[in-house]
Structure formats: C-alpha cells, structure tokens
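Trainee: build me a structure from this.
(one chain, ligands or ions: 1)
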Amino acid sequence: MAYPCPQCNDQSTQRISLMYDLNTRRWKDHLGRAHSSQSDLASKYSPPQPRGYFWRGLAVFFLSLLGSAFARAMSQELHMPLLSVALFWIVLGGSVYWLIGGAKSYNAKVWQPAMREWESLFICRGCGYTFVPRCGTTSDIHPDRAHA
Ligand SMILES: [Zn+2]
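Mentor: So this is what the prediction gives:
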C-alpha cells in the first residue's frame, strides 16, 4: 500500500528502512571482514545505533583488575583483608551497574522506541519529507470492532 506524502501529495513514498537497505552496499574484503557504505541519503537516515557491550565489558574487566590490584595492596599495607575484598566487589559491581546496566536501560528505553519509529518512517522521494503514515481512525484497522 502506498502512502501519499502529507506535504506534497506525491505517491512515490518509500519506507526509510527499505530505502536505507537499497542504498547500502555491503561487501567482504580479502580477509573476510565485513564492510558497508551508504549513499549520502542513506547515511543521513541511518537507523539509530544501540549501545554496544564490547568496550564496556572491556572497561569492566580492566576496572576490576585495577580494583583487585588496589585491594591487594590495601590488604598488604593496611592489613584489612575484609575491607579490600569489599572494595573489590564495590568496584566490580559499580562498574557493571553503571556501564552495562546503563547501556541496557538506554537500549530498552531509548534505542528500541527510536528503532520502532525509524522502522515505521517513510520518506517522500519528491520533496524529501519524512513522516509516519497514520491509518486514520481505528475503524480502518478493525472494521468489525467499529460496530460492536
Ligand atoms: Zn513530498
């Protein structure tokens, strides 16, 4: 089904996700690494990116190494092994909470709705206007329920 552009009434509108796909070139180099490149139009309307976990995981790893080195030094210098163990877990738990938990809640609260919106966006090829098509009233979607 085509949705006419609300701005100029042009019929040549296209789903942004489809336009993005058609204007994205993907290939693998001789080492098998994946690459992609977009046309200017596609990169302008690229999908929202989720927060990745790789660098955050690495940061947690190094923070916990740092925490354990610090805790070991503390237990040797100050002879407070319990406190140093507690410190280590606070550093580890805190970094997991802030780095991993922060990314997780960002992805759930910000990225997923943004992605859903991006997937329902249309672009007009006549004037470049982007819009989310609305189906009018609910009776258009559920004709049997409208009379209930
Ligand atoms: Zn238009």
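
Trainee: would you mind pulling the contact partners of stretch 3-18?
Mentor: With contacts defined as CB atoms under 8 Å, 6 or more residues apart in numbering, stretch 3-18 is touched by 2, 45, 47, 118-119, 121-127, 129-131, 133. For the C-beta atoms, the positions are set from N, CA and C on the backbone; glycine is no exception.

Trainee: just the buried ones from these, in ChimeraX syntax?
Mentor: Applying 16 or more other CB atoms under 10 Å to the contacts of stretch 3-18 leaves a buried subset, and the ChimeraX line that selects it is:
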select :45,118,121,122,123,124,131,133
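
Trainee: which one of the contacts of stretch 3-18 sits closest to Lys104?
Mentor: Pro47 (18.9 Å; CB to CB).

Trainee: and the closest one, what does it touch?
Mentor: Pro47 neighbours (CB under 8 Å, 6+ apart): 17, 20, 115, 118.

Trainee: repeat the analysis, applying 7 Å as the threshold.
Mentor: Contacts for Pro47 (CB atoms under 7 Å, 6 or more residues apart in numbering) come out as 20, 115, 118.

Trainee: and these as TSV, adding secondary structure?
Mentor: Converted to TSV, these look like this (DSSP: H, G, I helix; E, B strand; the rest coil):
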residue	secondary structure
Tyr20	helix
Met115	helix
Trp118	helix
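
Trainee: adding distance to Phe61 and pLDDT, write those out as JSON lines.
Mentor: Shown next, in JSON lines, are the contacts of Pro47 (distance: CB to CB, whole Å; pLDDT from 0 to 100):
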{"residue": "Tyr20", "distance to Phe61": "34", "pLDDT": "93"}
{"residue": "Met115", "distance to Phe61": "28", "pLDDT": "95"}
{"residue": "Trp118", "distance to Phe61": "32", "pLDDT": "94"}
